[in-house]
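J.: Okay, predicted coordinates and the sequence, questions at the end:
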Amino acid sequence: MPKTQTTYYEITGSGPALVLVHGVGCWADDWLPVTAALKDRFTVIRYDLRGHGRSIIPDTPWTMDTFVDDLAALLNELGTDNAHVAGFSLGGIIAQGFAIKYPEMTNRLCLISTTTGRTRPEIEKSLERLAIIESLPLEEYFEKSIDRWYTPEFQQSHGDTIKRNGATIASMNRQAYACAYRILIESNFVEDLKKIAAPTLVMTGEYDVGSPPEMTHRLVEEIDGAQGIIIPRMRHNVLMEVPEIVGGLIREFLTPGGPAA
């Protein structure tokens, strides 16, 4: 089982390094459907965030800076001087922080279903969801979240996938989940986004209420030269619902001669 002192990871494919960063309550395997479109062209590095999956659950709370430094430590352990970075949801905020703190290690950046500069009402709504996480069993919290994550059509046709997603969340340590979710709420790099020099692609679902198109537009406005794509009809979890679209967009963006080359 390959891992650093804190981090479980898996590597597939060959070519330029591409590290994939998952969201709260997810794990590295959530990227597998997307990886299928990338591993013939990139060395794909998937890893479990601390407190998630097969990585350690620390005894004390951690911060966004800890998440960012974990990613740098992983790449250093692998002897990788720099990499493309794609992050989903919380992973997209980690990717922003990584590109700001470690610009020399960041090639291109893909930010998926993620946020920046939450307004006070947006923060208050998120804190209400955190209170649910802290008070209900995680499987009940997931049941209340399904409509936010998946379209009705996907819910009807992919019940097994959703059941596995729920099992992943239900198996998590509640304190670790709550800590990561609080970091998701409180992290805000909007004042530093101009420091991102890496070519950047931002995408989200048309009906993603947590990471709405307005967030994508905000990121595109603040990151010099960034491109934005709104995926029609989709809600939050585009990794699982339309992995072929997400993988294709990442592949095109990271390929020499593609957009922003």
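T.: Everything's here; your move. Residues are numbered from 1 along each chain as shown.
J.: where does the stretch 151-261 of the chain dip in pLDDT?
T.: 256-261 (pLDDT under 70).
J.: All the helices of it, in order from the start?
T.: 152-157, 159-170, 174-186, 213-222, 238-241, 243-254 (DSSP state H, counting those that start in this stretch).
J.: got the CA coordinates for stretch 50-66 in PDB?
T.: Presented in PDB, the C-alpha positions along stretch 50-66 are these (Å, rounded to 0.1, in the frame of the first residue of the first chain):
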ATOM      1  CA  ARG A  50      -6.100  13.300   5.400                       C
ATOM      2  CA  GLY A  51      -9.200  12.200   7.400                       C
ATOM      3  CA  HIS A  52     -10.500  10.400   4.300                       C
ATOM      4  CA  GLY A  53     -10.300   7.000   2.900                       C
ATOM      5  CA  ARG A  54      -7.100   5.200   3.600                       C
ATOM      6  CA  SER A  55      -5.100   8.300   4.800                       C
ATOM      7  CA  ILE A  56      -4.500   9.100   8.400                       C
ATOM      8  CA  ILE A  57      -7.100  10.600  10.700                       C
ATOM      9  CA  PRO A  58      -5.200  13.200  12.800                       C
ATOM     10  CA  ASP A  59      -5.800  13.500  16.500                       C
ATOM     11  CA  THR A  60      -6.100  17.300  16.300                       C
ATOM     12  CA  PRO A  61      -7.900  19.600  13.900                       C
ATOM     13  CA  TRP A  62      -6.100  20.700  10.700                       C
ATOM     14  CA  THR A  63      -6.400  23.600   8.300                       C
ATOM     15  CA  MET A  64      -6.500  24.400   4.600                       C
ATOM     16  CA  ASP A  65      -2.700  25.100   4.800                       C
ATOM     17  CA  THR A  66      -2.300  21.500   6.100                       C
END
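J.: So what pairs up with the spatially most central residue of the chain in the strands?
T.: Centroid check for the chain by Cα atoms, centre = their mean gives F88 as the closest residue, at 2.0 Å. As for beta bridges, F88 partners with I112 under DSSP bridges.
J.: Am I right that it is in contact with G25?
T.: No. Counting by Cβ atoms under 8 Å, F88 does not reach G25; the two are 11.3 Å apart. From N, CA and C alone the C-beta is placed, and that goes for glycine too.
J.: quick revisit: so which of the helices of the stretch 151-261 of the chain is nearest G51?
T.: G51 sits nearest to helix 174-186 of all these, at 3.2 Å, using Cβ to Cβ.
J.: what's in contact with that closest one?
T.: The contact list for helix 174-186 (Cβ atoms under 8 Å, 6 or more residues apart in numbering) reads 23-25, 49-52, 57, 61-64, 67, 89-90, 93, 115, 118, 123, 126-127, 129-130, 133-134, 138, 169.
J.: For T43, give me its contacts.
T.: I11, T12, G13, S14, G15, P16, A17, L18.
J.: Counting only strands, which of those residues make the cut?
T.: I11, T12, G13, A17, L18 (DSSP state E).
J.: where's T114, which helix or strand?
T.: If you go by DSSP states H and E, T114 is not part of any helix or strand.
J.: Surely it and G92 touch.
T.: Yes. Here T114 lies in contact with G92, judged by Cβ under 8 Å, at a distance of 2.6 Å.
J.: which residues do the two both contact?
T.: S211.
J.: Which of the contacts of T43 has the largest number of neighbours?
T.: Among the contacts of T43, the one with the most neighbours (other Cβ atoms under 10 Å) is L18, at 25 neighbours.
J.: tell me which residues form a beta bridge with that residue?
T.: V44, H84.
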